[in-house]
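*Asks:* need a structure here:
(2 chains)
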Amino acid sequence: MDLTLGPDEQQVVASAADFLRKRAPIARLHHASGGKLDAALLAEMSALGWFGMALGESDGGVGLTAVEEMLVFREIGRGLGPAAVLPIALAARTAALAGDRTLAAALIGGKQVAGLALADGPVEAAATSISGTFRTFDASEDGLILFATPKQSVLVRLAGRTELPCLDKSIAMGAAKLDGAAVIAQAPGPAAYDAGVLATAAMLQGLSETALAMSVEYAKLRETFGRPIGAYQAVRHPCADMAVRCEASRAQLYFAAVALRDSRADAGLQLAAAKSVANDAATKNADWNIQIHGGIGITAEFDAHLVMKRAQVLSRWFGDTRETLRAVLEGAAR
Amino acid sequence: MDLDHTTDESSFRARARDWLSANAPKEKRPADPGAANAFDRAWQRKLFEGGFAGISWPKEHGGAGLSLIQQMIWYEEAARAHAPAANAMGLALHHAGPTLIARGAEAQKAFHLPRILNGEAVWCQGFSEPGAGSDLAALTTRGAVDGDVLVVNGQKMWTSYGHIADYQELLVRTDPDSKRHRGLTWIICDMRTPGLRVDPIVNMMGERHVNTVFYDDVRIPLSNVVGSIGEGWATAMSTLTIERTMSFLPDQIELLQKADAAIALAERTRLSTGEWAIEDDAIAQRLARVKADALALRALTIANLSRLSRGNEPGAEGSVLKLHVTTTYKTLSEIVAEILGLDFLVYGDDRDSNRAAYEFMWSWVLTISGGASEIQREIIADRLLGLPRAR
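*Replies:* I've put the predicted structure just below:
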């Protein structure tokens, strides 16, 4: 048993962090609109294998596992990188599992993008068609969307959507109605959904760690009453609580990633627990990060609100707080 | 990363499971304190004879010489078999023994370690005082060297099992002019030494668990000093790191069992409205939250043990674990209290009259003893986050 990162795993983290720092720094978000990835960035991320990380080489993927994929998404979360990577990766997995090698190759190669669809009411999904009301993320007007549940994942093409301004301006949100829309690819089973839960929990974990790091850095520098605020217990103790949340949710994230990789019988339960503690840690740490920064924390020019807004979006992807808690209680029995 | 057991770990788990199913006592731990103490000692004796005493202690000191992960496996199997907890034997196994192994003289180790392992000796701790709890370095109990003995005068407090202990790890100020951490001495005190008096402190649950110990010219041979005179702080701190992680392992494992038990309770208990407690969204959500936290705590334990097994220097892992385990235990006991409604109020000043009410109150013991939650946050702020100090 070992829940510390090995050298290869550390290498995955270091190279992802390095790429994001150079190509998608947080500063870009202060003038962001929508989650559109330009062709150059798509090509570079494709070259890194980010859209086919955990897919086998025979499917055109990198042949790594849920663990490495989790580590990349944690770095995307930490650096507030493009969340739009996730639906593309899940779409590629769905296309590959559905046997559509051409579509899978286009998605993995960064030539084709896909957005995420979350149910915004009852959904009727048959093997060949789907109906219901959806909220879309990073989907273009006539683009592909991925919709995943623990039972199946499907790819559908949108025929129009209403743009909605998103709390997180780096993500494009829309509302769409589908009425018997033709399913382009369908994969039975929880593979895409589970990968989505893990990757979203990983991005939330990155956010928790960023919020803590920002608070600790500021607490060492900012002085009031002649002392750094980090010397006051009113600041030290919330920081310690942020650290405890980070440590516990990171351990659970790692546990769930290994459980999924190894197809352990308890993988569903571990994933639900990971998403549940990650939702809590990211939203609470983002909250405290603003509070500890005081006045500057609520300004548009400072980064703290970006962390909070991303956490609010991601805590609703692949199981909001109520849904994940229900899944934990049911032992994620499937 | 992996969650696999090595062959050694798997075979140890199988061996522990077989042994526990044949040897774990079927009868409950008696309520009478004297009988409970005899029960604890007998169970430790049985563990010793079965080769399961001091699992992660080195072989040369009489332990089984196994890994930290195997120690965790043992606790998991013991919990699964509902085997007795260490209770009064815990301090000796988790703290006094490891301290002697780290700093004790050969004669001290040769005498005490076998008695700890075979259940002959119960130990208590003499650190806290009326004026020195969270701020341990403020302690004032005096130790004056007189020939080859140390003459101790003063008072210790919150001494768990002091009324049944055979020995005490006693921390006293031997240099009257010293301040704070300097000038302290760690000495083994035989609880039968003349001049020593143990008075009970009855807790809010109605039980005698902790005590006040008074020292009136208590004469202890200098050969009982562990480490050297004036270096008591270093001796006291030598085992606070790995042991803090290890000593909360049983609580962490128990928490997962308790979370499942609370879910089962909610499934068979009706609220005053007539609905099943589990059907109440607020209760269901909070139970699920605790279950998720308990799972995360298990993962955190494995992550900590992995780090320590790789030889990494212990940092604030024990504090993170202690803070999170004890606050989660408290949250769980509050939910159980709510599920039970009016039945929660039936309590006859002993734990068997209402286990839930007892544990509800015990949760404060957990969040205050062994370094209060506030102290754990200070340690985390210092060691894990490197925040500036005010003290």
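
*Asks:* Which secondary structure element is home to residue B:125?
*Replies:* strand B:123-126 (DSSP states H and E).

*Asks:* what's downstream of that strand, the next helix or strand?
*Replies:* Per DSSP H and E, the first helix or strand lying C-terminal to strand B:123-126 is strand B:142-146.

*Asks:* The residue nearest to residue B:334 when sequence neighbours are not counted: neighbour count?
*Replies:* Counting by CB to CB, 6 or more residues apart in numbering or on different chains, residue B:360 is the residue found nearest to residue B:334 once chain neighbours are left out, at 7.0 Å. For the C-beta atoms, the positions are set from N, CA and C on the backbone; glycine is no exception. Close neighbours of residue B:360, defined as other CB atoms under 10 Å in any protein chain shown, add up to 20.

*Asks:* Residue B:360 contacts residue B:331, correct?
*Replies:* No. The pair residue B:360 / residue B:331 is not scored as a contact, 11.0 Å apart, by CB atoms under 8 Å.

*Asks:* All the strands of chain A, in order from the start?
*Replies:* A:114-125, A:129-137, A:144-148, A:152-157, A:162-164, A:173-188, A:223-224, A:227-228 (DSSP state E).

*Asks:* In space, not sequence, find me the middle residue of chain A.
*Replies:* When CA atoms, centre = their mean is applied to chain A, the residue found nearest the centroid is residue A:200 (3.1 Å).

*Asks:* ok, back up a step: could the strands of chain A be laid out in CSV, adding distance to residue B:168, mean neighbour count and mean pLDDT?
*Replies:* As requested, the strands of chain A are exported to CSV (distance: least, CB to CB, whole Å; neighbours: other CB atoms under 10 Å in any protein chain shown; pLDDT from 0 to 100):
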stretch, distance to residue B:168, mean neighbour count, mean pLDDT
strand A:114-125, 61, 18, 95
strand A:129-137, 63, 20, 97
strand A:144-148, 61, 27, 97
strand A:152-157, 63, 24, 96
strand A:162-164, 68, 11, 96
strand A:173-188, 65, 18, 96
strand A:223-224, 45, 12, 96
strand A:227-228, 40, 15, 96
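
*Asks:* okay, those strands in JSON lines with distance to chain B next?
*Replies:* Below are the strands of chain A laid out as JSON lines (distance: least, CB to the nearest CB, whole Å):
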{"stretch": "strand A:114-125", "distance to chain B": "20"}
{"stretch": "strand A:129-137", "distance to chain B": "23"}
{"stretch": "strand A:144-148", "distance to chain B": "21"}
{"stretch": "strand A:152-157", "distance to chain B": "24"}
{"stretch": "strand A:162-164", "distance to chain B": "28"}
{"stretch": "strand A:173-188", "distance to chain B": "26"}
{"stretch": "strand A:223-224", "distance to chain B": "10"}
{"stretch": "strand A:227-228", "distance to chain B": "5"}
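
*Asks:* Would you mind giving me the confidence score for the spatially most central residue of chain B?
*Replies:* In chain B, the centroid-proximal residue (CA atoms, centre = their mean) is residue B:247; its distance is 5.2 Å. In this model, residue B:247 is scored at 75, pLDDT.

*Asks:* The nearest residue to it once chain neighbours are set aside: neighbour count?
*Replies:* Nearest non-adjacent residue to residue B:247, counting by CB to CB, 6+ apart: residue B:94, 4.1 Å away. Close neighbours of residue B:94, defined as other CB under 10 Å, add up to 21.

*Asks:* Am I right that residue B:94 is in a helix?
*Replies:* Yes. Counting by DSSP: H, G, I helix; E, B strand; the rest coil, residue B:94 falls inside a helix.

*Asks:* ok, back up a step: elements contacting the host helix or strand of the residue nearest to residue B:334?
*Replies:* In this structure, residue B:360 is located in helix B:355-368 according to DSSP H and E. When contacts are defined as 3 or more CB pairs under 8 Å, 6 or more residues apart in numbering or on different chains; DSSP states H and E, helix B:355-368 sits against helix B:317-340.

*Asks:* avg pLDDT for the helix it packs on?
*Replies:* Mean predicted lDDT for helix B:317-340 stands at 95.

*Asks:* Alpha carbons of that helix, as PDB, please.
*Replies:* Written as PDB, here are the backbone C-alpha positions of helix B:317-340 (Å, rounded to 0.1, in the frame of the first residue of the first chain):
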ATOM      1  CA  GLU B 317       0.700  14.400  10.100                       C
ATOM      2  CA  GLY B 318      -0.300  13.400  13.600                       C
ATOM      3  CA  SER B 319      -1.900  16.700  14.300                       C
ATOM      4  CA  VAL B 320      -3.900  16.800  11.000                       C
ATOM      5  CA  LEU B 321      -5.100  13.300  11.800                       C
ATOM      6  CA  LYS B 322      -6.000  14.000  15.500                       C
ATOM      7  CA  LEU B 323      -7.800  17.200  14.600                       C
ATOM      8  CA  HIS B 324      -9.900  15.600  11.800                       C
ATOM      9  CA  VAL B 325     -10.600  12.300  13.600                       C
ATOM     10  CA  THR B 326     -11.800  14.000  16.800                       C
ATOM     11  CA  THR B 327     -13.900  16.700  15.200                       C
ATOM     12  CA  THR B 328     -15.500  14.100  12.900                       C
ATOM     13  CA  TYR B 329     -16.200  11.800  15.900                       C
ATOM     14  CA  LYS B 330     -17.900  14.800  17.600                       C
ATOM     15  CA  THR B 331     -20.100  15.600  14.500                       C
ATOM     16  CA  LEU B 332     -21.100  11.900  14.400                       C
ATOM     17  CA  SER B 333     -22.100  11.800  18.000                       C
ATOM     18  CA  GLU B 334     -24.200  14.900  17.500                       C
ATOM     19  CA  ILE B 335     -26.100  13.300  14.600                       C
ATOM     20  CA  VAL B 336     -26.700  10.200  16.600                       C
ATOM     21  CA  ALA B 337     -28.000  12.300  19.500                       C
ATOM     22  CA  GLU B 338     -30.500  13.900  17.100                       C
ATOM     23  CA  ILE B 339     -31.600  10.600  15.600                       C
ATOM     24  CA  LEU B 340     -32.400   9.200  19.100                       C
END
